[in-house]
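Student: Provided below are the primary sequence and the corresponding predicted coordinates.
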Amino acid sequence: MPTVEAIAPSFFVKDLARSIDWYVRVLGFRVDFQAADYAGVSLGPATIMLVQVGNAPAGLSYKAACHLRLASGVDEYVAQIEAAGQPLTATVKDRPEYGMREATVRDPDGHDIYIGQEI
């Protein structure tokens, strides 16, 4: 078996500059690199690739989601997101069925980011 170092989901976005701004301003990510139609943003070891696709054909959706697992501080991080003016799509709560305390936020292109920590 290979040794996996990391995995980075790709989110397809309509406006790369808007998405980069949102991830930096709202979630506190930093820009690792940027090209004409794609960029990598990260927060600690978590990386998301943002890929600009322009206008998707009618009926085609590029919706994605990822889990951002924190070691601690989920309530404080969620409060920081709300303080940046971003409403949550699911408020922070304990989910004992799978052992997480989490909330959900949606980016400008409709991608869900589940933010949680083990309880």
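Tutor: Perfect, thanks for sending it.
Student: you'd agree D112 is up against L88?
Tutor: No - using CB atoms under 8 Å, D112 is not in contact with L88, being 10.7 Å away. Any C-beta I mention is one placed from the backbone N, CA and C, and that applies to glycine too.
Student: Quick check: chain neighbours aside, which residue is closest to Q86?
Tutor: Residue nearest to Q86 in three dimensions, not counting chain neighbours: V26, with 4.7 Å by CB to CB, 6 or more residues apart in numbering.
Student: Let me know the distance separating that neighbour from D107.
Tutor: According to CB to CB, to the nearest Å, V26 and D107 sit 8 Å apart.
Student: what's the answer for A8, then?
Tutor: As defined by CB to CB, A8 lies at a distance of 15 Å from D107.
Student: swap in G85?
Tutor: If you go by CB to CB, the gap between G85 and D107 works out to 14 Å.
Student: if you count what's nearby, which of A8 and D107 comes out ahead?
Tutor: Comparing A8 with D107 by other CB atoms under 10 Å, the one with more neighbours is D107, at 21 against 13.
Student: now the residue lying closest to that one once chain neighbours are set aside, what's its secondary structure?
Tutor: What sits nearest to D107 in space, not counting adjacent residues and going by CB to CB, 6+ apart, is W22, at 5.9 Å. Under the three-state scheme (DSSP: H, G, I helix; E, B strand; the rest coil), W22 adopts helix.
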